[in-house]
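1. okay, structure incoming, though there's no sequence with it:
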């Protein structure tokens, strides 16, 4: 089993604490088989709430169970139940910071697509932005309380062993 840490980097404009909007958030990852090194051509969706049975696993479950299309081996991944997604703060602006940890068996994640609904807070005003849609890779709005533009852009990710 390999523990993988997903870290993200973004440019935050007048906001802080960027984090997925809820427990049912769909994370989109690109997956690679560790047996044959085949990279799945499409991103796969995982969330922290869904659990699937692992075959031959004596009652064990995972957030994602996948059979490689090339070598036919089964692989699985599970979110670390003790590690909730960590908010990306304005203090980390432009630097990589941890987001989530997954326990992986027979696969590695090699890509991350931040599409979906996130949330963040106005850095000066505390205004809550609950509908931060990163489908296009960036988000812009206006903070009425602080009378200034807000935004999230230049999102990057990296995977490392935890």
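-> Thanks, I have it. A quick note: this is a predicted structure, and the numbers were derived from the prediction, not measured.
2. just checking, what packs against the longest strand belonging to the chain?
-> Ordering each strand of the chain by length in residues (DSSP state E) puts strand 148-161 first. Helices and strands in packing contact with strand 148-161 are listed as strand 2-13, strand 15-20, strand 107-113, strand 117-122, strand 139-143; criterion 3 or more C-beta pairs under 8 Å, 6 or more residues apart in numbering; DSSP states H and E. (Each C-beta comes from the backbone N, C-alpha and C, glycine too.)
3. contacts for the last one?
-> If I follow you right, that is strand 139-143. 13-15, 118, 122, 124-125, 127, 129, 132-133, 148-153 (C-beta atoms under 8 Å, 6 or more residues apart in numbering).
4. and the residue nearest the centre of this protein?
-> residue 27 (4.9 Å; C-alpha atoms, centre = their mean).
5. name whatever forms a beta bridge with residue 88.
-> In this entry, residue 88 is beta-bridged to residue 18, by DSSP bridges.
6. can you check the pLDDT for it?
-> What the model reports for residue 88 is a pLDDT of 98.
7. kindly report the same for residue 136.
-> 93.
8. how about it, phi and psi?
-> Here is the backbone geometry of residue 136 (degrees, to the nearest 10): phi -90, psi 0.
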